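> Sequence below, structure please.
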Amino acid sequence: MAIAARCLGKSIPEVGTTVFRPNYTPVTFGAIAGRHCRDLFDPERYTAMHQWHVENGAEFEDVGQWKRPWYFPQTVNGKQETMHDAVTRECLAVREKVGILDASTLGKIDIQGPDAREFLNRIYTNKWTKLEIGRARYGLMCREDGMLMDDGTTSCLGENHFLMTTTTGGAAGVMEWLELWHQTEWPELNVTFTSVTDHWATMTITGPEARNLLAEITDIDLDRDTFKFMDWREGKVAEVPARVFRISFTGELAYEINVQANYALHVWKTLFQHGEKYGLTPYGTETMHVLRAEKGFIIAGQDTDGSVTPEDLGMQWAIGYDKPYSWVGKRALSRSDTRRTNRKQLVGLKPRTRRWCWRRAPRSSSIPTTPSPCP
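You can find the predicted model right below:
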C-alpha cells in the first residue's frame with residue numbers, strides 16, 4: 001500500500017485498503033481446524049452390528065476408518081483369553097462347526113450400463129465377457145505399471161448390471177480409479193458407478209455346518225448341485241430380502257449374506273438364535289487372516305506392497321493374456337523388469353512341527369549368511 005501511495009502522491013490512509021481475503025488478522029491453527037480434532041480428527045465408521053460386537057466383548061482394530069472386530073476373547077475359569085487362545089478357538093470353530101464374520105466393511109460398487117462388461121474387461125486382468133447372470137468371479141486389478149493394486153469378486157446381477165467388491169481399505173481408491181479411467185480415457189463407454197458400501201451389510205457364515213444353519217432361516221434352495229460355488233441367489237433370510245453369495249475366503253463351505261443395513265442386526269441375531277445348536281462362533285479379522293493364509297488366499301495391501309505383480313504371487317491363472325484387447329497393466333507386464341526370473345515371489349511356509357510358529361513376519365533372503373528372523 002505504501003508503494004501505491006507513493007505512486008499516487010497520497011498518504012497511506014488516503015489510499016485506503018484493499019479488499020482483504022482471509023486472513024486479515026492472525027488466526028490460530030486451532031480455529032482453522034475447528035471441530036475436526038480428537039475423535040473427529042479421523043472419522044470412525046461402524047457396521048450395523050457394531051453395538052452387538054461391543055456388548056459381546058470384541059477387541060477392535062482400525063481398517064480403513066472402520067472399527068472391525070479383531071477377536072472375541074472369552075472368560076475361561078475367571079481369566080480372559082489371550083489373543084492367541086481366542087484365535088485358536090475361533091479357527092477350530094470354523095474348521096469343525098460354523099463361524100460368523102462381520103464383512104460389511106468390504107467395498108461394494110454397483111456398476112451398470114450397456115458397456116459394463118467392456119469396462120470390466122479393460123480394468124481387470126481376467127475375462128468378463130461370458131460371466132452369466134447369477135455367477136460371481138474373482139478378479140485382479142493392476143496399475144499401469146503392472147503392479148497389483150486391489151482384488152475382489154464381481155457378481156453379475158443382470159445383463160448390464162454388476163456388483164464389484166473391493167478390499168476394505170481400498171474401497172475409496174478403487175472407486176476413484178474406476179471414475180478416473182472412465183472420465184479421462186474411456187468416456188465413450190456408457191457405464192455408471194455407485195458406491196453402495198454403506199447400503200448393504202454383509203455377514204459371512206463359514207464351516208461344515210453353514211448350510212444346515214442357513215437352511216433354517218431362508219427360502220433359498222441351498223442344494224449343492226443347484227447353488228454351486230461362486231453362485232449367488234436372491235431370496236429371504238430371516239424374512240428379510242437378501243442376496244446370498246456362495247463365496248469362501250477360508251476354504252470351508254461359506255455363504256455371504258447381504259441385506260439392507262437397517263435390517264442387518266435382526267438377521268445377525270436370528271442367526272445366533274438358530275446357530276446355538278451348531279456351535280455358531282463369532283470370529284474377527286485375526287482369525288480371518290489365519291484361515292485365509294492356511295488356504296493360500298492373498299490380501300492386497302498386506303501380501304503386496306506396490307511392487308508385486310500377479311505373477312509374483314503365483315496367480316498367472318487370473319491373467320487374460322489371450323484377451324483380444326488391452327487392459328490396464330498388460331503392456332507393463334511384458335517389460336524386461338517384470339519378466340525377469342529372479343523377482344521376489346510370495347511363497348507359503350509349512351513348519352516342521354505343530355507347536356512351532358513365527359514370532360514375527362519372516363522375510364526371505366538370498367544371502368546365506370543373513371540370520372534367521374526368529375531363533
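> Go through stretch 314-333 and flag the buried ones.
Buried residues in stretch 314-333, counted by 16 or more other C-beta atoms under 10 Å: 315, 318, 319, 320, 323, 327, 328, 329, 330, 332, 333. C-beta: built from backbone N, CA, C; applies to glycine.
> Turn those into TSV, columns for pLDDT.
Shown next, in TSV, are the buried residues of stretch 314-333 (pLDDT from 0 to 100):
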residue	pLDDT
315	94
318	94
319	95
320	93
323	90
327	95
328	96
329	95
330	94
332	95
333	94
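> would you turn those into TSV with distance to residue 105 and secondary structure?
Output for these, formatted as TSV (distance: C-beta to C-beta, whole Å; DSSP: H, G, I helix; E, B strand; the rest coil):
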residue	distance to residue 105	secondary structure
315	24	coil
318	23	helix
319	28	coil
320	29	coil
323	32	coil
327	28	coil
328	25	coil
329	26	coil
330	31	coil
332	30	helix
333	30	helix
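> next one: phi and psi at the nearest residue to residue 131 once chain neighbours are set aside?
Nearest residue to residue 131 in three dimensions, chain neighbours excluded: residue 156, at 4.8 Å (C-beta to C-beta, 6 or more residues apart in numbering). Residue 156 adopts backbone torsions of phi -90, psi 110, taken as degrees, to the nearest 10.
> Residue 156 is in contact with residue 129, isn't it?
No: with contacts counted by C-beta atoms under 8 Å, residue 156 stays clear of residue 129, the gap being 11.0 Å.
> So which of those two has more stuff around it?
Between residue 156 and residue 129, counting by other C-beta atoms under 10 Å, residue 156 is the more crowded of the two (22 against 11).
> Specify the beta-bridge partners of the more buried one.
With DSSP bridges as the criterion, residue 156 is bridged to residue 162.
> now swap in residue 234 and tell me
Residues in beta-bridge contact with residue 234 (DSSP bridges): residue 243.
> likewise residue 99?
residue 206, residue 281.
> Next: the one 10 residues further on.
With beta bridges defined as DSSP bridges, residue 109 has these partners: residue 164, residue 195.
> List the contacts of it.
163-166, 171, 174-175, 178, 193-197 (C-beta atoms under 8 Å, 6 or more residues apart in numbering).
> Now flag whichever of these is closest to residue 242.
Nearest to residue 242 among the contacts of residue 109: residue 163, at 13.3 Å, using C-beta to C-beta.
> For burial, what's the neighbour tally of the closest one?
Counted with other C-beta under 10 Å, the neighbours of residue 163 add up to 21.
> hang on, it packs against residue 116?
No: between residue 163 and residue 116 there is no contact under C-beta under 8 Å: 10.8 Å.
> Helices of the stretch 151-300 of the chain, start to end?
Secondary structure of the stretch 151-300 of the chain by DSSP state H, counting those that start in this stretch: the helices cover 171-184, 210-215, 264-275, 285-295.
> nearest to residue 74, of those?
Of those, nearest to residue 74 by C-beta to C-beta is helix 285-295, at 13.3 Å.
> what's that closest one packed up against?
Applying 3 or more C-beta pairs under 8 Å, 6 or more residues apart in numbering; DSSP states H and E, we find helix 285-295 packed against strand 66-71, helix 83-96.
> Cool, thanks, talk later.
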